[in-house]
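Peer 1: Prediction below, plus the sequence it came from.
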Amino acid sequence: MNAITLSNVDISYGDTKVVLGVNLEIAEGESFALVGESGSGKSTILRAIAGLAPDWTGEISVLGQPRSHGVDRQVSRQCQMVFQDPYGSLHPRKTIDATLSEPLTIHGIGNRGERVEAMLQAVGLDRRFRFRFPHQLSGGQRQRVAIARALMLEPKVLLLDEPTSALDVSVQAEILNLLKRLRREQGLTYLLVTHNLPVVSFLCDRLAVMRHGQIVEVADVDQLKQGRLSQAYSQELLAATEGRAGAEA
Amino acid sequence: MAPLLSVQNLRVSFPTHRGRVEVVKGISFELGKERLGIVGESGSGKSMTGRAILKLIRKPGLVTADKLEFDSIDLRNQNEKQMRQVRGARISMVMQDPKFSLNPVMTVGEQIAEALVTHEKLPRREVNERILAMLEAVRINDPKRVAGLYPHEVSGGMGQRVMIAMMLIPEPELLIADEPTSALDVSVQAQVLDIIDDLVTSKGMGLILISHDLNLVSRYCDRILVMNAGQVVEECAEGQLSEAQHPYTRGLLAAMPTINESRDELPVLDRTQWAGT
């Protein structure tokens, strides 16, 4: 069974079509990356799967179940999202405990205290952080909380929208290690959006290159590692990453 | 030849309720007509160093130095009016994010003109010519059209090129670029840095490139200072980054994933060794 299936999906914001006819199949347990420049529609795809961009046509299925256009509790249980900026994605006036308990309350899950403690431990945060506020934590610690929040409902699929681009390299390494470990331990499926190709190389199995709302190429991570991407645009991205300034203005 | 800029024992501190905290703890360097990179993580004091040179740190921040000289001008005892003769005209600074650094209610052309006219009295026709030539120099196609656009009508990469145009049009001798590309896409980053690099080399300017990206800095700079917790921990020459000695520099390098990544886990900095940020 596929963890995420998109068939012929168009997504629009108002009158502007942002994503055009995207087909995507992500297997369960896979780690898949969407790469491309800003404005290529990669984050929009995540938002549509998470239910944050309801204006789409086509079909989106999560773990075999077609997704409705509105808020979908079933999908929320199975599929959660981690946002780019840990400075903006946590409620500033809620303690870490409140942030982590909220999804449990919404879905009527008991035993909250224990679950929160266990999750803090799983993401490598000390217990003493539990009753602190986000402003008392560093960027890396906040991103750990954001990942913990997404994992509270024990989802199978995690949507990651540039989870490390707001962080320093050394902190990025910690978060990437954490994501890799969590995936191994809990058998998660990742759909990761990034423009950082080395991160893809570290964390993912396959990638799709996007441009102007369309998928240009789907490739294996080995192809990326060996620089054997077939499309000219993908090669351009690769060149830019490696600093061979082949890209024309 | 006397260096363009010489800094000795520069210190920047801010008061907190627990006493003054030094964010830059006595750094010294000299700069000729070359490209110097300053690298470090958030909170290492790299941006504060750049700002201190331009005396952009406002009270209650406090800047002290044994020597802060630019082209034999002692910047320490320049007043605000004298500093305005230096800022922009002789030392200019490119900031991180074009979205917040451009004036949203002025067209791109007007803003570039303002940068020029503030420092030089020129006839309007010549001003217009200079603007168009400058926009062309930062590789903007169709400069006439772009000069009439407002900042929200241009993309991030174009906005950053406009900033660079604005900073370079008075023909300064030293350019301080503070994370000039971290708000941009990877594919645009290389273009923007190439433009800076071209202009800096062709005009024989000095460049201080401040960034958290070690690899990027090492590609564009002749010399690199690695900062941590307000101090320079290591200085490397171009191309010798891979031979860096200090554990902090090595840690930073190792923590970065590569395009052909085979490690199962990335090494993480042991912060207790430096008691850093």
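Peer 2: Sure, I can see it.
Peer 1: List the residues that contact residue B:187.
Peer 2: The neighbours of residue B:187, taking C-beta atoms under 8 Å, 6 or more residues apart in numbering or on different chains as the test, are A:37, A:236, A:237, A:240, A:247. All C-beta spots, glycine's among them, are computed from the backbone N, C-alpha and C.
Peer 1: Which of the residues you listed fall within helices?
Peer 2: Residues from the contacts of residue B:187 lying in helices, with DSSP state H as the criterion: A:236, A:237, A:240.
Peer 1: Please identify which helix or strand holds residue B:207.
Peer 2: Using DSSP states H and E, the element containing residue B:207 is strand B:206-211.
Peer 1: Let me see the mean pLDDT of whichever helix or strand comes after that strand.
Peer 2: For strand B:206-211, the following helix or strand on the C-terminal side (DSSP H and E) is helix B:214-220. Mean pLDDT, helix B:214-220: 85.
Peer 1: check whether whichever helix or strand comes after helix B:214-220 contacts chain A.
Peer 2: Following helix B:214-220 in sequence order, the next helix or strand is strand B:223-228 (DSSP H and E). No: judged by C-beta under 8 Å from any C-beta of the partner chain, strand B:223-228 makes no contact with chain A; its nearest approach is 10.4 Å.
Peer 1: how about stretch B:169-179 as PDB, C-alpha atoms only?
Peer 2: Output of stretch B:169-179 as PDB, limited to C-alpha atoms (Å, rounded to 0.1, in the frame of the first residue of the first chain):
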ATOM      1  CA  ILE B 169      26.700  52.600  -7.100                       C
ATOM      2  CA  PRO B 170      28.600  55.200  -4.900                       C
ATOM      3  CA  GLU B 171      31.600  53.100  -5.700                       C
ATOM      4  CA  PRO B 172      32.700  52.300  -2.100                       C
ATOM      5  CA  GLU B 173      36.200  50.900  -1.300                       C
ATOM      6  CA  LEU B 174      34.900  48.300   1.100                       C
ATOM      7  CA  LEU B 175      31.800  46.200   0.900                       C
ATOM      8  CA  ILE B 176      30.500  44.400   4.000                       C
ATOM      9  CA  ALA B 177      28.000  41.700   3.000                       C
ATOM     10  CA  ASP B 178      26.100  40.300   5.900                       C
ATOM     11  CA  GLU B 179      24.600  37.000   4.900                       C
END
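Peer 1: Please give the element, helix or strand, for the residue nearest to residue B:67 when sequence neighbours are not counted.
Peer 2: Distances taken as C-beta to C-beta, 6 or more residues apart in numbering or on different chains place residue B:8 nearest to residue B:67, at 3.8 Å, with adjacent residues excluded. Using DSSP H and E, residue B:8 sits within strand B:5-16.
Peer 1: Mind listing the strands that strand pairs with, and their directions?
Peer 2: Taking DSSP bridges as the criterion, strand B:5-16 forms sheet pairs with strand B:19-31 (antiparallel), strand B:62-64 (antiparallel), strand B:67-70 (antiparallel).
Peer 1: Show me which positions of that strand end up buried.
Peer 2: B:5, B:6, B:7, B:10, B:11, B:12, B:13 (16 or more other C-beta atoms under 10 Å in any protein chain shown).
Peer 1: of all the residues you listed, which comes closest to residue A:72?
Peer 2: residue B:12 (51.8 Å; C-beta to C-beta).
Peer 1: Which pLDDT value goes with that closest one?
Peer 2: 93.
Peer 1: related to what we said a few turns ago, point out the most buried one among the strands paired with strand B:5-16.
Peer 2: Ranked by mean neighbour count, the strands paired with strand B:5-16 are led by strand B:67-70 with a mean of 19 (mean count of other C-beta atoms under 10 Å in any protein chain shown).
Peer 1: helix or strand right after it?
Peer 2: strand B:73-74.
Peer 1: gap between the helix or strand that that following strand is followed by and the chain center?
Peer 2: Counting by DSSP H and E, the next helix or strand C-terminal to strand B:73-74 is helix B:80-86. How far helix B:80-86 lies from its chain's middle: 19 Å, per C-alpha atoms, centre = their mean, to the nearest Å.
Peer 1: got it, and stretch B:35-48?
Peer 2: 9 Å.
Peer 1: Next, see if that stretch gets close to chain A.
Peer 2: Yes: against chain A, stretch B:35-48 shows contacts by C-beta under 8 Å from any C-beta at B:41, B:42.
Peer 1: pLDDT averaged over that stretch - what is it?
Peer 2: According to the model, stretch B:35-48 has a mean pLDDT of 88.
Peer 1: Also stretch B:240-260?
Peer 2: The average pLDDT for stretch B:240-260 rounds to 85.
Peer 1: among the ones in helices among the contacts of residue B:187, who's most crowded?
Peer 2: Counting neighbours by other C-beta atoms under 10 Å in any protein chain shown, residue A:237 comes out on top of the ones in helices among the contacts of residue B:187 with 24 neighbours.
Peer 1: Can you name the helix or strand that residue 104 falls in?
Peer 2: Using chain A. Judged by DSSP H and E, residue A:104 forms part of helix A:96-106.
Peer 1: which bits of the stretch 51-200 of chain B sit near chain A?
Peer 2: B:139, B:141, B:155-156, B:185-191, B:193-194.
Peer 1: Tell me which residue lies nearest the centroid of the chain.
Peer 2: This is for chain A. residue A:160 (1.1 Å; C-alpha atoms, centre = their mean).
Peer 1: that's the wrong chain, I meant chain B
Peer 2: Of all residues in chain B, the one closest to the mean position by C-alpha atoms, centre = their mean is residue B:177, 1.9 Å from it.
Peer 1: Is chain B within reach of the strand or helix carrying the residue nearest to the centre of chain A?
Peer 2: Using DSSP H and E, residue A:160 maps to strand A:157-161. No: counting by C-beta under 8 Å from any C-beta, chain B is not contacted by strand A:157-161; separation bottoms out at 14.9 Å.
Peer 1: before we move on, the earlier item: surely the residue nearest to the centre of chain B meets residue B:205?
Peer 2: No: using C-beta atoms under 8 Å, residue B:177 makes no contact with residue B:205, being 11.1 Å away.
Peer 1: circling back: which helices and strands does the strand holding residue A:160 pack with?
Peer 2: helix A:42-50, strand A:79-82, strand A:189-194 (3 or more C-beta pairs under 8 Å, 6 or more residues apart in numbering or on different chains; DSSP states H and E).
Peer 1: Which parts of chain A are strands?
Peer 2: Using DSSP state E, the strands of chain A run over A:2-13, A:16-27, A:31-35, A:56-62, A:65-66, A:79-82, A:157-161, A:189-194, A:206-211, A:214-220.
Peer 1: Can you find the helix or strand in chain A with the smallest mean pLDDT?
Peer 2: Within chain A, confidence by mean pLDDT, DSSP states H and E is lowest for helix A:232-242 among all helices and strands, at a mean of 85.
Peer 1: who's in contact with it?
Peer 2: Contacts for helix A:232-242 (C-beta under 8 Å, 6+ apart): A:35-37, A:196-198, A:209, A:211, A:216-217, A:219, A:224, A:227, A:229, A:245-247, B:186-187, B:189-190, B:259.
Peer 1: repeat that with 10 Å
Peer 2: Residues from elsewhere that reach helix A:232-242 (C-beta atoms under 10 Å, 6 or more residues apart in numbering or on different chains): A:35-37, A:195-198, A:200-201, A:207-212, A:216-217, A:219, A:223-224, A:227-229, A:231, A:244-248, B:185-191, B:215, B:219, B:258-259.
Peer 1: tell me how far it is from the chain's mean position?
Peer 2: For helix A:232-242, the distance to the chain centre is 22 Å (C-alpha atoms, centre = their mean).
Peer 1: Can you point out the buried residues in it?
Peer 2: So for helix A:232-242, counting by 16+ other C-beta under 10 Å, buried means A:233, A:234, A:235, A:236, A:237, A:238, A:239, A:240, A:241, A:242.
Peer 1: Fine by me, we can end here.
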